[in-house]
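S.K.: A predicted structure for the sequence below; I have some questions about it.
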Amino acid sequence: MYVYIYMFAALLLILPACKNAPPQQEAPAKRIVLSSGDTLGESMKENGFDAVAGVEITKALSGVFNPRYCRPGDYYEVRLDTAGRWQSFDYYPYGLAYYTVERSSAGKPVALKKTRNGSIVVSTAKGAIQTSLWDAMVVQKISPELINDFTDKFAWQIDFLTEPRIGDTYKLVWENFVTEDGLELKGKILAAQYTASGQVYTTVLYKDAAGQESYYAPDGKSLKRAFLKAPLQYARISSFFSRRRFHPVLRYFRPHLGIDYAAPSGTPVSSVADGTVTFAGRKGGFGNYLAIRHTNGYSSYYGHLKGFKKGVRRGARVGQGQVVAYVGSTGLSTGPHLDFRFSKDGRMINFMALKFPAAQSIALKEKDAFRAATKDYLTKLAEIR
């Protein structure tokens, strides 16, 4: 008898709590920005999506947007319920259009293309270097994404961490999409210029007949080169290419046939050119080591790595600027840095002393269209005083 009374009393205490328990709520949206070399699928895996969720979302999304058109700087937002299941997924490429994937009442993923109301605003800026390009642009409230985009445009001509000097100048014309509620979406450079020691570098945006956007010099020549000026954003060069260097660990002189870039552990390392991975693993004093074969007998090598980007393994194809690994201090190393080496036909050479030819320029038959399409951008750039 007393047992039943006790159980009934306990039930009365529990029922109000159940009745007043809050419904399951969505967690705040998590925003993830794509980096150079990322694919949507890889990014989702790295950020905790299970295989089933990844397939569900990308399959639904492909009905309204081709994931192969994902670009660095694009971002997506995902909302999870308290159990960790995804409830909605929004993908934001450059522009006012964005794509959303939601669960229908039946639980099936459904994708839709949506558009924000807004307008395009063209802005300009100019400045001079006092400490660094970054410092100069940040003061002008230029976004970090746009600053990185600016340096990327001249990545084949200027190493912005070693070559800029006090007094160098820059000009910039870019557009932003501004939504009706005042939100400023990431911008796109229309034209840019950097002057270093009297040498003027100019680039302008052009969309070719196939709809492909790229950047060129005003005469239609490509600014791109076969190889980037550096494989990462680094703090300093701690050791240069040398036939006789005192090794800080082994304590004797021996050749150092590479360049040591000091950078924080985990700093992304990019391939300096398109190529094929020929080795990715441990290699003696180099620790985690990566070798990439390029065209015309060139190869690049990356040592003391913390680890490799997912999918980077022997036989994998990689693109110029694609993140392939991360700075570490494995092997014979006194601290985090990248040991970068470069060879031609098997012989190690000084990468910093090389000059590479430009990539393909505007075709002759397209020159008139190029001049017409870029005239306004270049005029706007010239008018910046």
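M.R.: Arrived safely. Residues are numbered from 1 along each chain as shown.
S.K.: can we go C-alpha only for contacts and neighbour counts from here?
M.R.: Noted.
S.K.: Now for the closest residue to M352 other than its chain neighbours, how many residues are close by?
M.R.: In space, M352 comes closest to K229 once its chain neighbours are excluded; the distance is 7.6 Å by C-alpha to C-alpha, 6 or more residues apart in numbering. Applying other C-alpha atoms under 10 Å, we find 20 residues neighbouring K229.
S.K.: mean confidence for stretch 283-298?
M.R.: The average pLDDT within stretch 283-298 is 93.
S.K.: pretty sure E145 is in a helix, no?
M.R.: Yes: under DSSP: H, G, I helix; E, B strand; the rest coil, E145 falls within a helix.
S.K.: Quick check: the gap between the residue nearest to M352 and S104.
M.R.: 49 Å (C-alpha to C-alpha, to the nearest Å).
S.K.: host element of G41?
M.R.: Secondary structure from DSSP states H and E places G41 in helix 40-46.
S.K.: Now do that helix: distance to the chain's middle.
M.R.: 14 Å (C-alpha atoms, centre = their mean, to the nearest Å).
S.K.: And that helix, what does it pack against?
M.R.: Applying 3 or more C-alpha pairs under 8 Å, 6 or more residues apart in numbering; DSSP states H and E, one finds that helix 40-46 makes contact with helix 51-61.
S.K.: If we go by neighbour counts, what in the helix it packs on is buried?
M.R.: 53-54, 57-61 (16 or more other C-alpha atoms under 10 Å).
S.K.: model confidence over it, on average?
M.R.: For helix 51-61, the mean pLDDT works out to 85.
S.K.: Return it as PDB; C-alpha atoms alone will do.
M.R.: C-alpha atoms of helix 51-61 as PDB (Å, rounded to 0.1, in the frame of the first residue of the first chain):
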ATOM      1  CA  ALA A  51      29.000  10.500 -44.500                       C
ATOM      2  CA  VAL A  52      25.200  10.200 -44.700                       C
ATOM      3  CA  ALA A  53      24.500  13.800 -43.900                       C
ATOM      4  CA  GLY A  54      27.200  14.900 -46.400                       C
ATOM      5  CA  VAL A  55      25.600  12.900 -49.200                       C
ATOM      6  CA  GLU A  56      22.100  14.000 -48.300                       C
ATOM      7  CA  ILE A  57      23.000  17.700 -48.500                       C
ATOM      8  CA  THR A  58      25.300  17.600 -51.600                       C
ATOM      9  CA  LYS A  59      22.800  15.500 -53.500                       C
ATOM     10  CA  ALA A  60      20.000  17.900 -52.800                       C
ATOM     11  CA  LEU A  61      22.100  20.900 -53.400                       C
END
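S.K.: Which residues does stretch 143-163 contact?
M.R.: 73, 133-134, 137-138, 164, 186-189, 192, 201, 203, 215, 223-225, 227-230, 233-236 (C-alpha atoms under 8 Å, 6 or more residues apart in numbering).
S.K.: Averaged pLDDT, it. What do you get?
M.R.: 80.
S.K.: What residues does G284 make contact with?
M.R.: G331.
S.K.: chain center to stretch 76-89, what's the gap?
M.R.: Counting by C-alpha atoms, centre = their mean, stretch 76-89 comes out at 24 Å from the chain centroid.
S.K.: sorry, back to before: make TSV out of the buried residues of helix 51-61 and add distance to E42.
M.R.: As requested, the buried residues of helix 51-61 are arranged in TSV below (distance: C-alpha to C-alpha, whole Å):
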residue	distance to E42
A53	13
G54	9
I57	13
T58	11
K59	15
A60	17
L61	15
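S.K.: and of those, the nearest to N47?
M.R.: Nearest to N47 among the buried residues of helix 51-61 is G54, at 10.7 Å by C-alpha to C-alpha.
S.K.: I'd say the closest one and E42 touch.
M.R.: No: look at G54 against E42 with C-alpha atoms under 8 Å: they stay out of range, at 9.4 Å.
S.K.: Just the pLDDT for the nearest residue to T115 once chain neighbours are set aside.
M.R.: With sequence-adjacent residues excluded and distances taken as C-alpha to C-alpha, 6+ apart, T115 is closest to A97, at 4.4 Å. A97 carries a pLDDT value of 85.
S.K.: What is the burial count for A97?
M.R.: 13.
S.K.: picking up where we left off before, surely the residue nearest to M352 is in a helix?
M.R.: No: counting by three-state DSSP, one finds K229 to be coil, located in no helix.
S.K.: thinking again about what came up before, and the residue nearest to T115, what is it in contact with?
M.R.: 113-116.
S.K.: How many residues are close by the residue nearest to D74 when sequence neighbours are not counted?
M.R.: Distances taken as C-alpha to C-alpha, 6+ apart place P93 nearest to D74, at 4.8 Å, with adjacent residues excluded. Per other C-alpha under 10 Å, the neighbour tally for P93 reads 18.
S.K.: quick one: contacts for P93?
M.R.: 70-71, 73-75.
S.K.: Those residues into CSV, with extra columns for secondary structure, neighbour count and pLDDT?
M.R.: Output for the contacts of P93, formatted as CSV (DSSP: H, G, I helix; E, B strand; the rest coil; neighbours: other C-alpha atoms under 10 Å; pLDDT from 0 to 100):
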residue, secondary structure, neighbour count, pLDDT
C70, coil, 19, 82
R71, coil, 18, 78
G73, coil, 19, 76
D74, coil, 18, 84
Y75, strand, 18, 86
